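Asks: Sharing a model prediction with you, sequence too.
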Protein chains: 2
Amino acid sequence: MLALRNALRPVAIQTTRRWAHNIPSFSHLNAVTEEDLAHFHKILAPTSILSTLPPNSTSTDDLASYNEDWMGKYHGQANTVLRPRTTQQVSEIVKWCAKRRIGIVPQGGNTGLVGGGISLQKEIVLSLGAMSNVRSFDPVSGILVADAGCVLESLSEYIAPHNHIMPLDLGAKGSCQIGGNISTNAGGLRLLRYGSLHGTVLGLEVVLPDGTILDQLSTLRKDNTGYDLKQLFIGGEGTLGIVTGVSILTPPAPQASNNVFLALPNFNNVLPLYQTVKRQLGEIMSAFEYIDRTAYDMGISHGLGPILDAGEVGDSQCFVLVETSGGNQTHDEEKLNGLLESLLSAEQPLINTGVLSQSPSQFASIWAFREGLTECCQKEGKPYKYDVSVPLADFQKVVDAIRERMISKGLYGDHAISKVMGYGHVGDGNLHMNVIAKHGYRPELEEALEPYIYEIVASHKGSVSAEHGIGSMKTHALHYSKSDVSIEWMRKIKQVFDPLNIMNPGKVLP
Amino acid sequence: MLALRNALRPVAIQTTRRWAHNIPSFSHLNAVTEEDLAHFHKILAPTSILSTLPPNSTSTDDLASYNEDWMGKYHGQANTVLRPRTTQQVSEIVKWCAKRRIGIVPQGGNTGLVGGGISLQKEIVLSLGAMSNVRSFDPVSGILVADAGCVLESLSEYIAPHNHIMPLDLGAKGSCQIGGNISTNAGGLRLLRYGSLHGTVLGLEVVLPDGTILDQLSTLRKDNTGYDLKQLFIGGEGTLGIVTGVSILTPPAPQASNNVFLALPNFNNVLPLYQTVKRQLGEIMSAFEYIDRTAYDMGISHGLGPILDAGEVGDSQCFVLVETSGGNQTHDEEKLNGLLESLLSAEQPLINTGVLSQSPSQFASIWAFREGLTECCQKEGKPYKYDVSVPLADFQKVVDAIRERMISKGLYGDHAISKVMGYGHVGDGNLHMNVIAKHGYRPELEEALEPYIYEIVASHKGSVSAEHGIGSMKTHALHYSKSDVSIEWMRKIKQVFDPLNIMNPGKVLP
Ligand SMILES: Cc1cc2nc3c(=O)[nH]c(=O)nc-3n(C[C@H](O)[C@H](O)[C@H](O)COP(=O)(O)OP(=O)(O)OC[C@H]3O[C@@H](n4cnc5c(N)ncnc54)[C@H](O)[C@@H]3O)c2cc1C
Ligand SMILES: Cc1cc2nc3c(=O)[nH]c(=O)nc-3n(C[C@H](O)[C@H](O)[C@H](O)COP(=O)(O)OP(=O)(O)OC[C@H]3O[C@@H](n4cnc5c(N)ncnc54)[C@H](O)[C@@H]3O)c2cc1C
């Protein structure tokens, strides 16, 4: 631990600690009135409106699924939820809200993990869920055009018969929407292979905060005609406009998919293993996921797996899941077998043991282990989730440092923080740190964790949000990853698009 | 030809023809004075300044390479060229120019094909050529950080010993700079495989039009902390700021590379061939390039190739180059041989003949044929170059329509337009149309071509610039590919970054 402490020393002497997480005041915004509701009834069908105000008088319970986030951490205040069916309706709603200074929170599948889709005060929720049609799909180019409210998994199913897959995949696929994915610039399990949405999204249709419809729904793979405005909405988290339509390049489905699950004696072997796998598998490597021992044991205790024989696992300190996706089963198996042979026959083996899936159901259950971890955390208690990028070599250091800190504060144990663990997309440098508050979120726990955790990440030149975004959770942590100049220019962009600050106010910018 | 005319009919009745290509007036800008030059001498070493003004009194000849573009089509007016060595120097130059209202044209390798890097009136040229250091390279992640002025080919050579390659490659690689590539969002020969720069560029350092240094030189693969501002400079063509540093993800070098050159009886076979190749080669297909017969014959007549036996070529109407890049030579060859066998043994073969490279030198000469076409056009006369995206099925239709038009206007032949041909990155839907003016550019030729050509492209829902950008050549054609709303929002973005309109004025926006 000595080396680690040394590595972290700069954090302790960091001087410019700025830390204040005030709920922003929205004095510039108005609450929805009965008059507004009457106007919304002119735009939308009655079934597209939920409101506690008369004449709707929806019960608060019926609004609950829009006002509470997936983690149960953020509790929204919206008294009105609108579910438009067309882009035109979205535009008319936004125009009215701009005129009346009503805040709008765009909401997709509500699976976001940073409180971005939850109303902070009296803003309405504009849910995209009723806009869920595929507009077109071209099986030659693989270009899919769809409403923003389409659920990711439905889109996968839609294009599967044409032998195409979505360029992204994540544990929340059954609920999250493509518009939400784009608005959070979601990464997920396939980023290593197919790259980020900044590359795969070809066009967007967006309703801007003044109600203008910006149609950049190009279906061209290449189009260099002027500034690529759509990029601002990718990861814009609904603060610059509402994404209503999406054009995205979908890759051909791989002809062959395989995965292996490996147990490693200790963390130091992960980096050399990554390099070996990358070299030997080359272009067919499509995922390289990391799971630490704490996360693995948690998975087992909640009935995931077991994938490996407990005896063989022994005291392995961490685990890696490698997936391949290629065009030829025989070739891919040859490459994988070659890799495993060389791993097992090495003089100083990098792995203790491992398993290669032999059937589609084994393939699925190996993935189910990795994907199931997020839900297991939820069952363990209330997880503080930190989704950070750090250099691969520092992954475990960061997790250990957090655990140490909780121990040193007397907050580690079943009375407070019961588990500190890390798993994630190692291939992308992206670590999901989960800190389980066994009996629920408590201010003193958060204070012990933040901003400490962000300072550590910053000291490793990492990102305080690798893929989940800023939302309302990390506005005050943005400066750990972005310079004052960058933040100032983000503000200017926000000001151009949303001078009235009605679009998802209080999110992203501090 | 009847079917084609029908397909094009909507063009003829298009009503909103807007066409005026005025040289913009830069009355808001000042010419460089001796006082300015004296100030530049305070910032830069004497060798970093070229100016026709005293005390430098550089000859116009010595400025020629900065004032004339690669095609010899655009002739610049700059009397001063500055070649800073550091980002700080760039910032100080820009601050002075902002204060003194002097226009700035950022210039990279000056290989752009739309007149974007040429001074239109009295703007200075700010050449990045002296900023050419690699800042860092991490062989594990493949992340390269470099000065914007690094020549693309030098970067390739720098990372080659680490078994990495640049994610883009183009015929101009020996001269174009990475900063120029990013500013034009260059596509090139590897886009099909590695995606666009919007996905592979991880960070940028940019000097904004007020001299502020925006440092977003992230070396993280994933970082979702706020708006992705750097995206605006990718394809910004120097109108929003000067790119001084670049962080980019470089892929591992493929272990095996192969290519084949195929002759097809006619254009109708290209689309089915593309689908067959894509299905059989899968993830190892890294390029699919198209060459029409006119372009092929031109290549042969200028001493490229020959790659195929003239007898076997017969009356083949077009040609396709397919490249594979994979991790295992044996596997890749098996896949390629399987493809060729199935192509040749088909009942109704899609190809007439073809050749598979058998050595690195054959591999290189097949590529040399494709890459050499751009220079051959230059030797044929003065090429009007149109770099458009259209649906693959419409590629040849567009080329034929242009030829027909020139014939119908009596402008086809050695007295005027000697050749109309198409080649390009078919896999990306990107066609390079070259219209050769045998005795040089002439207004009546341009009038016969434009806006007709853009109208055709628009009628196919294509892009008037797939990869070369807008520059000064296509500002007045932008509306064929972008709506008025889009253009209005581009203007707003320009206004935020460059309210004084000093940064590459007259480019991109009409
Ligand atoms: C089990 C689980 C696993 C996950 N795994 C991953 C993962 O691997 N990688 C990853 O990146 N993320 C992951 N996430 C979080 C991820 O951000 C979301 O799952 C997803 O991208 C959000 O989509 P959504 O439709 O649920 O958006 P929401 O949660 O509804 O909204 C998210 C944000 O986007 C905005 N927004 C939503 N729709 C629109 C729209 N149409 N226009 C404008 N703004 C909009 C909202 O205002 C909000 O700020 C996971 C979440 C869960 C619960
Ligand atoms: C033989 C040949 C083959 C080509 N093949 C392709 C191809 O396959 N694909 C393709 O996309 N293009 C191709 N091109 C054109 C292509 O745009 C350029 O080759 C290249 O990307 C431009 O780089 P450059 O450094 O020469 O930029 P320049 O020509 O110097 O400048 C181009 C534009 O970028 C701006 N700019 C340059 N550097 C900076 C900077 N540091 N900061 C801000 N703005 C800057 C300039 O102001 C100008 O607007 C080809 C050109 C040639 C001559």
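Replies: In hand now; what should we look at? Ligands and ions are numbered 1, 2, ... in the order given.

Asks: for the stretch 201-350 of chain A, what spans make up the helices?
Replies: Taking DSSP state H, counting those that start in this stretch to define them, one finds helices in the stretch 201-350 of chain A at A:230-233, A:270-281, A:293-301, A:310-313, A:329-345.

Asks: same check, this time on the stretch 51-200 of chain A
Replies: A:60-67, A:87-100, A:152-159, A:178-183, A:191-194, A:197-200.

Asks: Around ligand 1, pick out the residues from chain A.
Replies: Counting by Cβ under 6 Å from any ligand atom, chain A comes close to ligand 1 at A:70, A:105-113, A:116-117, A:128, A:148, A:170-172, A:176-177, A:179-181, A:183-184, A:186-188, A:237-238, A:242-243, A:374, A:467-468, A:471, A:504, A:507. For every residue, glycine as well, the C-beta is placed using N, CA and C.

Asks: List buried residues within the residues you listed.
Replies: Listed as buried from the residues of chain A next to ligand 1 are A:70, A:105-113, A:116-117, A:128, A:148, A:170-172, A:176-177, A:179-181, A:183-184, A:186-188, A:237-238, A:242-243, A:374, A:467-468, A:471, A:504, A:507; burial here means 16 or more other Cβ atoms under 10 Å in any protein chain shown.

Asks: List the contacts of A:Asp484.
Replies: By Cβ atoms under 8 Å, 6 or more residues apart in numbering or on different chains, A:Asp484 lies in contact with nothing.

Asks: Between the helices of the stretch 201-350 of chain A, which one is closest to B:Asn434.
Replies: helix A:230-233 (30.2 Å; Cβ to Cβ).

Asks: Would you check the distance separating the closest one from the middle of the chain?
Replies: Averaging C-alpha positions (Cα atoms, centre = their mean, to the nearest Å) puts helix A:230-233 17 Å from its chain's average.

Asks: picking that back up, so for chain B, which of the helices of the stretch 51-200 of chain A sits nearest?
Replies: Closest to chain B of those, according to Cβ to the nearest Cβ: helix A:197-200, at 2.4 Å.

Asks: by contact count, what packs against that closest one?
Replies: Judged by 3 or more Cβ pairs under 8 Å, 6 or more residues apart in numbering or on different chains; DSSP states H and E, helix A:197-200 is in contact with strand A:242-249, helix B:197-200.

Asks: Give me the sheet partners of the first one and which way each runs.
Replies: Same thing as strand A:242-249. strand A:143-147 (antiparallel), strand A:201-207 (antiparallel) (DSSP bridges).

Asks: I'd like to know which of the ones you listed is closest to ligand 2.
Replies: Shortest separation from ligand 2 across these is recorded for strand A:201-207, at 16.8 Å, computed as Cβ to the nearest ligand atom.

Asks: hang on, the earlier thing: deepest-packed of the helices and strands packed on helix A:197-200, please.
Replies: Of all these, strand A:242-249 has the most neighbours on average by mean count of other Cβ atoms under 10 Å in any protein chain shown, namely a mean of 25.

Asks: And chain B, is stretch A:214-224 touching that?
Replies: Yes - against chain B, stretch A:214-224 shows contacts by Cβ under 8 Å from any Cβ of the partner chain at A:214-216, A:218-224.

Asks: contacting residues around the closest residue to A:Gln88 other than its chain neighbours?
Replies: In this structure, A:Gln88 finds its nearest non-sequential neighbour in A:Ile213, 7.9 Å apart by Cβ to Cβ, 6 or more residues apart in numbering or on different chains. By Cβ under 8 Å, 6+ apart, the residues touching A:Ile213 are A:87-88, A:91, A:205-207, A:244, B:485.

Asks: List just the nearest of those residues to ligand 1.
Replies: The nearest one, if we look at the contacts of A:Ile213 relative to ligand 1 and count by Cβ to the nearest ligand atom, is A:Thr244, at 6.8 Å.
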